[in-house]
Every structure is written in structure tokens, then in C-alpha cells.
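**Q** predicted model follows, preceded by the sequence.
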Amino acid sequence: KQFHLGMFEIGRPLGKGKFGRVYLARERSTGFICALKVLYKSELQQGSGVEKQVRREIEIQSNLRHPNILKLYGHFHDSKRIFLILEFAGKGELYKHLRREGRFPEWKAAQYIAQMAAALRYLHRKHVIHRDIKPENILVGIHGEIKISDFGWSVHAPNNRRNTLCGTLDYLPPEMIKSGSKDNWYNEKVDLWSLGVLMYEFLVGEAPFEDTPIMTHKRIARADMTIPEWVSKEAKDLIKKLLVLDPEKRLPLEEVQSHPWIIKHCVKGERAANREKPLK
Ligand SMILES: COc1cccc(-c2nc(Nc3cc(C)[nH]n3)cc3ccccc23)c1
């Protein structure tokens, strides 16, 4: 399908980030609401091969269909800009919710981790490794469901500490911070480590290896973290089974979804969707 700018009514800017801005938009003929991400070619060309990476990310994301992955409906460009037509997630950025609430109750963290595990299983079945799982790359839909919203570049303004020059180290697995064999970078187990970091940050309100960059590097390499005693023992068990140095020893996604902590908090059935708390 051919898209062009005239097909859309542009609404309020939702936010801006490294490579451009995101606007609320409505497709004129259908009234369909979406988010329009505008990337400036000039800014992309500066980065080393960033434009090719954008093309690859568009290629990947436009072929994905999953309720917990933000849909890319299409794209088009004019002389100066590239436009991405993206699914609109009504409740915005997950990391803003996390900062506002400090940390999530266990039942909410478990539902988010279960949705992330389902999305990652789908990605890995399609041989896509996300490699950049962190709260900044997750959006929240109107029904509170989460959506992985970033395949390789960020839309968030560098307004929080972690958007330092090199981006946060917090989520990198040991095999990606150690020099040496890069083939582990293309092993989907890297996403399991980041899922463990995400789970820790949801429950504790800060990342497990958060420190000065040098110390973070050291602590990741040794999987050196402490889990506060007030975290439930089931949650502690799952975190420890994901934050494992040896990629092959990390808990597979199928076993994450059937872990007692997930089963305990994630009630099946459509009624759960409208319930703040799961059934006792
Ligand atoms: C820097 O702040 C940014 C940056 C980019 C998007 C938002 C934002 N996004 C969305 N939804 C979206 C965004 C995309 C690509 N699909 N659905 C909703 C919001 C609601 C309130 C505030 C902010 C929001 C913020």
C-alpha cells in the first residue's frame, strides 16, 4: 500500500528523541488513529550506517504481528524525512510509569514479564533477537498491556540519567560487554539476561548492576547483585535463573512462562484483563 503525508491529519506531538519526533495522527479516509514517527535523513546520515540500520529495523518490524509488539503498519519518505506509521499505545512509556510508581507490585510485574516472555518467544521463533530490552523501549496500551516498541533506535528524549552518551550499560549481558567472541552477540539468550534485568528493575525500582560505568561493567561480568529480602522467594528464584553468566544455563522462555511466580500472579481468562488485582 502506498502511503503519503497528505493521507494523515497530524495531532499533538507525543514526544521527541534521539532521531526525531513522534506525533499522534489520524488516517483521513478511515479515521484510524496511529503514531507517526518522523526521522530526519540528515540526522541519520551523520550516524555511521544508521540509515541502513533503520531500513533493516523497518524490514524486521513490519513483518511482526504480536499483541505485545508495537505494529509498524508502513512507511514512506519525502526529500528530507522518513515517516514510520506505528501502532498507537494509549498509555505511553512504561519507564515513565515505573519512575512515577517507584516500583511495581509483584502481580503487575509478573503480568508484564509474562507478556514480555510471550513476545520474546514469538521473536525468537522468527529468529529475531531484540538485544535492547529495557523499560525505555516498552510502551503501554490502553488496556495496560505492554508493547515492545523499539527495534534498534530510541524515541525517548535524553531526559533521564540513563540516556548517557553511550546509552545505559545496565541491561547488557556479560557476553556483550566482554571483548572476544562476538558470535554470542547473535545468540537469542542475550534477551533472557535482559528479561532478568527488567524483572529486577520492575520489582526493586532500580537495575541490579546500577553503579558507576566501571563498577557496572565489573558487576555484570560477575553477575554480582543483591536482591532485597522483601522480594518474594519465588520472584528471587526466577531472577536468579535468568541472571546466569553462562547463556546456555539461562531459563528458557517456555519455563519462564510456567514458573511458579508467573503462574501464581497471572490468572488466565478474559475477566482478568479488566481486573486491577488477580483473583485470590
Ligand atoms: C519522549 O516522550 C515520548 C516519546 C515518544 C512517544 C511518547 C508517547 N507515546 C505514546 N504512544 C505511542 C508512541 C508510539 C510510537 N506509539 N504509541 C503515548 C504517550 C502518551 C503520553 C505521553 C507520551 C506518549 C512519549
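**A** That came through, no problem. Residues are numbered from 1 along each chain as shown.
**Q** which secondary structure state does the closest residue in space to residue 169 that isn't next to it in sequence sit in?
**A** Nearest in space to residue 169, with sequence neighbours left out and distances taken as C-beta to C-beta, 6 or more residues apart in numbering, is residue 216 at 4.8 Å. For the C-beta atoms, the positions are set from N, CA and C on the backbone; glycine is no exception. Classification of residue 216 by DSSP: H, G, I helix; E, B strand; the rest coil places it in helix.
**Q** distance check, residue 216 against residue 137.
**A** 19 Å (C-beta to C-beta, to the nearest Å).
**Q** of those two, which one has the most company?
**A** residue 137 (25 against 19; other C-beta atoms under 10 Å).
**Q** which stretch of helix or strand covers residue 26?
**A** Using DSSP states H and E, residue 26 sits within strand 20-27.
**Q** is the ligand contacted by that strand?
**A** Yes. Using C-beta under 6 Å from any ligand atom, strand 20-27 reaches the ligand at residue 22.
**Q** tell me what that strand is packed against?
**A** strand 8-17, strand 33-40, strand 81-86 (3 or more C-beta pairs under 8 Å, 6 or more residues apart in numbering; DSSP states H and E).
**Q** parallel or antiparallel, list what pairs with that strand.
**A** Paired neighbours of strand 20-27 in the sheet (DSSP bridges): strand 8-17 (antiparallel), strand 33-40 (antiparallel).
**Q** and among the ones you listed, the most buried is which?
**A** strand 33-40 (a mean of 20; mean count of other C-beta atoms under 10 Å).
**Q** residues contacting it, please?
**A** Applying C-beta atoms under 8 Å, 6 or more residues apart in numbering, the contact partners of strand 33-40 are 8, 10, 14, 19-27, 54, 73, 80-89, 155.
**Q** the residue of the stretch 1-150 of the chain found nearest the ligand pairs with what?
**A** For the stretch 1-150 of the chain and the ligand, the shortest gap (C-beta to the nearest ligand atom) falls at residue 15, measuring 2.0 Å. Beta-bridge partners for residue 15, by DSSP bridges, are residue 22.
**Q** tell me how far it lies from residue 93.
**A** Relative to residue 93, and taking C-beta to C-beta, residue 15 is found at 8 Å.
**Q** and residue 101, by the same measure?
**A** Residue 101 is 13 Å from residue 93, by C-beta to C-beta.
**Q** what about the two, which has more around it?
**A** Legend: neighbour count by other C-beta under 10 Å for residue 101 and residue 93, higher for residue 93 (20 against 12).
**Q** pLDDT score for that one?
**A** Residue 93 carries a pLDDT score of 94 in this model.
**Q** residues near the nearest residue to it once chain neighbours are set aside, how many?
**A** Nearest residue to residue 93 in three dimensions, chain neighbours excluded: residue 139, at 6.1 Å (C-beta to C-beta, 6+ apart). Residue 139 sits with 24 neighbouring residues when counted by other C-beta under 10 Å.
**Q** quick revisit: my guess is the residue of the stretch 1-150 of the chain closest to the ligand meets residue 21, correct?
**A** Yes. The criterion here is C-beta atoms under 8 Å, and residue 15 meets it with residue 21 at 7.2 Å.
**Q** so what's the residue nearest to residue 169 up against?
**A** 169-170, 209-210.
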